[in-house]
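# what's the 3D shape of this:
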Amino acid sequence: MILTIDIGNTNIVMGCFKDDKLLFHERFGTNHKATSLEYATILKETFELHQLHASDIHGGIISSVVPSITDTVKVAVEKYTGARILVVGPGVKTGVHLSVDDPAQLGSDLVVGAVAGVHRYPVPQILIDMGTATTVSVIDKNKTFIGKMILPGVAISLDALTSRAAQLPKVSLELPRKLIGSNTIDSIKSGILYGSAGSIDGLIDRIQEEMEETCTVVATGGLASVIIPLCRHEIAFEDDLLLQGLLIIYQKNQKKNNIH
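Below you'll find the predicted structure:
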């Protein structure tokens, strides 16, 4: 089995594959102060929950946008499983061409998402990842990553609104009863949720206008399942997109380096 881990600013997403079948998908908070032992404990508890054994893992791969804890998590996984763990970065074969000003500045999560996107869907493509930030990546008809947009994530926008306006209450991200809110809480929910959906629809329109062609649109990320159904464009939702991309990259490098 192969362990796949995506380290984000807010959450760490972990999955385990047997062949191409995802056995589990778990999400836990990113803790910048946690030790490798604490992360190993999380791994142990997760494996026990799913009735799996560390000895079942014969390889793994990590992508991370939090460099300060990448090695900590890698050490934890290797200590617990005894398997060799690959980290997405320079020298790792991905199969995706990059046409950006500085490829080193491109987050590994965006590369991983692009790998899964071009493997599973037609190009050209727009990939939307709704996490701490919302990123909108564009892949052209030649399967080349040509650029991206970055905007505040839904939760960040909501936190900024309620923390800077003294009279606005904290709210949960649930659909309001109607679009035009008749009370403060429903008005905030409507503004954040439908406003985010409208923003995504608008960006898709502008990207396709600039590219002069219709794109396949794919979304992933923790809040995508809430926002995407509110969008007017046809958007495929893939909750496990990054984990699928990590598996593909692992397999590519297994063949390249004869990793066992």
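# among the helices and strands of this structure, which has the poorest mean pLDDT?
Least confident element among the helices and strands of the chain, by mean pLDDT, DSSP states H and E: helix 154-164 (a mean of 83).
# going on from it, what's the next piece of helix or strand?
helix 184-211 (DSSP states H and E).
# Just the buried positions in that following helix, please.
By neighbour count with 16 or more other CB atoms under 10 Å, helix 184-211 contains the buried residues 186, 188-194, 196-197, 199-201, 203-204, 207-208. C-betas here are computed from N, CA, C, even on glycine.
# Who are the packing partners of it?
strand 125-130, strand 133-139, helix 154-164, helix 224-227 (3 or more CB pairs under 8 Å, 6 or more residues apart in numbering; DSSP states H and E).
# Any chance you could list what contacts the following helix or strand past that helix?
The first helix or strand that comes after helix 184-211 along the chain, using DSSP H and E, is strand 216-220. Strand 216-220 has contacts (CB atoms under 8 Å, 6 or more residues apart in numbering) with 113, 117, 120-130, 204, 227-228, 233-242.
# which stretches of this protein have low pLDDT?
Low-confidence segments of the chain (pLDDT under 70): 166-168, 255-260.
# Tell me which residue lies nearest the centroid of it.
residue 221 (4.8 Å; CA atoms, centre = their mean).
# show me the contacts for that one.
Counting by CB under 8 Å, 6+ apart, residue 221 makes contact with 128-131, 134.
# Reduced to three states, what does residue 31 come out as?
With DSSP: H, G, I helix; E, B strand; the rest coil as the basis, residue 31 sits in coil.
# residues contacting it?
Counted by CB under 8 Å, 6+ apart, residue 31 has contacts 38, 69.
# doesn't residue 3 fall inside a helix?
No. Under three-state DSSP, residue 3 falls outside any helix and is assigned strand.
# I'd assumed residue 60 was in contact with it.
Yes. Counting by CB atoms under 8 Å, residue 60 is a contact partner of residue 3 at 3.7 Å.
# Find the residues that touch each one of the two.
Common neighbours of residue 3 and residue 60, using CB under 8 Å, 6+ apart, are 77, 81, 83, 85.
# returning to what we had before: which one's more surrounded, residue 3 and residue 60?
For the pair residue 3 and residue 60, the greater number of neighbours falls to residue 3 (28 against 24), based on other CB atoms under 10 Å.
# give me the beta-bridge partners of that one?
Judged by DSSP bridges, the bridge partners of residue 3 are residue 16, residue 60.
# distance of it from residue 40?
From residue 3 over to residue 40 the distance is 12 Å, taken as CB to CB, to the nearest Å.
# Determine the residues that are contacts of both of those two.
Shared contacts of residue 3 and residue 40, counting by CB under 8 Å, 6+ apart, come down to residue 77.
# check contacts around residue 223.
Taking CB under 8 Å, 6+ apart as the criterion, residue 223 is in contact with 130-131, 153-155, 173.
# Mind picking the two most distant members of these?
Greatest spatial distance in these: 131 and 173, 13.7 Å, computed using CB to CB.
# Settle it for me: which of those two has more neighbours?
Per other CB under 10 Å, whichever of residue 131 and residue 173 has more neighbours is residue 131, with 24 against 15.
# Touching, the more buried one and residue 6? I think so.
No. Using CB under 8 Å, residue 131 makes no contact with residue 6, being 9.6 Å away.
# how close does residue 244 get to residue 85?
Counting by CB to CB, the gap from residue 244 to residue 85 is 18 Å.
# Look at the two and report which has more neighbours.
Applying other CB under 10 Å to residue 244 and residue 85 shows that residue 244 carries more neighbours, namely 24 against 19.
# Which of the three states applies to that one?
Counting by three-state DSSP, the backbone at residue 244 sits in helix.
# For residue 37, what is the enclosing helix or strand?
Following DSSP H and E, one finds residue 37 within helix 36-49.
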